[in-house]
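Enquirer: fold the stuff below for me.
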Amino acid sequence: MSVDASVIDIMMHRIGVESTGNPNAINLTDSNAQKGTPSMGILQCIESTFRAHAVAPYNNHIYSPFGSMLASLQYVKKRYNGDFNRAYGGTAGY
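Expert: Next up is the predicted model:
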């Protein structure tokens, strides 16, 4: 998978907003947590979304920063038609 440097910059901003770079971050207060599926990892993804978009051999652990980033890229490609600005930009998050 080839990723433009601007996408990496946008993703790094999103990581700072979502988890401040803590790969073990868990959000126990958002709407996902209230449904029983807390957002986890550096990009605050729920387990089912991670599993659906994870890339082997980096698909074993949602707390793996690299695995989480790969799954997130795949998710944005599918859900947002590759529009990384829309997915990662601003303060709302994806």
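Enquirer: now do the strands in the protein.
Expert: Secondary structure of the chain (DSSP state E): strands located at 26-27, 39-40.
Enquirer: to residue 14, which of those lies closest?
Expert: With C-beta to C-beta as the measure, strand 39-40 is the member of these nearest residue 14 (12.4 Å). Placement of C-beta: from N, CA and C, glycine included.
Enquirer: from the contact counts, what lies against that closest one?
Expert: strand 26-27 (3 or more C-beta pairs under 8 Å, 6 or more residues apart in numbering; DSSP states H and E).
Enquirer: strand partners (parallel or antiparallel) of the strand it packs on?
Expert: Sheet pairing here is set by DSSP bridges, and for strand 26-27 it gives strand 39-40 (antiparallel).
Enquirer: what does the helix or strand of the chain with the lowest mean pLDDT rub up against?
Expert: Lowest by mean pLDDT, DSSP states H and E among the helices and strands of the chain is helix 84-88, with a mean of 82. Identification of contacts with helix 84-88 by C-beta atoms under 8 Å, 6 or more residues apart in numbering yields 6, 7, 10, 11, 13, 14, 76, 79, 80, 94.
Enquirer: show the pLDDT at the first one.
Expert: The score at residue 6 is 82. That number is its pLDDT.
Enquirer: not counting sequence-adjacent ones, nearest residue to it?
Expert: Nearest residue to residue 6 in three dimensions, chain neighbours excluded: residue 84, at 7.9 Å (C-beta to C-beta, 6 or more residues apart in numbering).
Enquirer: among the contacts of helix 84-88, which are located in helices?
Expert: 6, 7, 10, 11, 13, 14, 76, 79 (DSSP state H).
Enquirer: what's the neighbour count on the first one?
Expert: The burial count assigned to residue 6 is 10, neighbours taken as other C-beta atoms under 10 Å.
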